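In: Fold the following, please.
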Amino acid sequence: MSLEPLKDGIRSQVRIDFYGNVHKRLRGTGAAERYATEVAVLKVLEQRGCPYVPKLLEQHPDEYYFVSTNCGQPASQITKEKADRIFSKLEHDYGVRHLDAEARNITYSDKLGCFCVIDFELAEILPPPPGLVPPPTAAPPAPPTP
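Out: Got it, this is the predicted structure:
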């Protein structure tokens, strides 16, 4: 499968596949910890029902590599004030403090029709906010009737 390079830095390599999914490989100092943090945060945000972050599709912990859904293109024109409001909403509504709250970690998704937050390597999971109602989980199948 051919992957289009998106970012190739000291701390990570990010590529997009043919289907638009994001492939991220963490490397360098603290790669294991940063990988574990990002995967844990994405799982918590999905459990808490946050609609404007990537969804984890695959995990490869031995390689510090995961695949997630795509959250669009960098929001290069976003103001600092708007970015700050998005990061504040993430913390207030979903209990995740980003800790790298920079505009470069905001994208815009035409598919979702909203700004999204990415890059959770340094994030901190806080207790769930009061009143958070997570989305319903799929009900187990009903037992067969005799």
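
In: list the helices and strands whichever helix in the chain runs longest packs on?
Out: Assignment by DSSP state H gives helix 31-47 as the longest helix of the chain. Packing partners of helix 31-47 (3 or more CB pairs under 8 Å, 6 or more residues apart in numbering; DSSP states H and E): strand 22-26, strand 56-60, strand 65-68, strand 96-97, strand 124-125. From N, CA and C alone the C-beta is placed, and that goes for glycine too.

In: Leu90 should be in a strand, yeah?
Out: No: assignment of Leu90 by DSSP: H, G, I helix; E, B strand; the rest coil gives helix, placing it outside any strand.

In: which one is the residue nearest the centre of the chain nearest to, not counting chain neighbours?
Out: By CA atoms, centre = their mean, the chain has its centre lying nearest to Pro54, at 3.8 Å. Using CB to CB, 6 or more residues apart in numbering and skipping residues adjacent in sequence, the residue nearest Pro54 is Ser68, 3.7 Å away.

In: what residues are up against that neighbour?
Out: Taking CB atoms under 8 Å, 6 or more residues apart in numbering, we find Ser68 in contact with Asn21, Val22, Lys24, Leu42, Pro54, Lys55, Leu56, Leu57.
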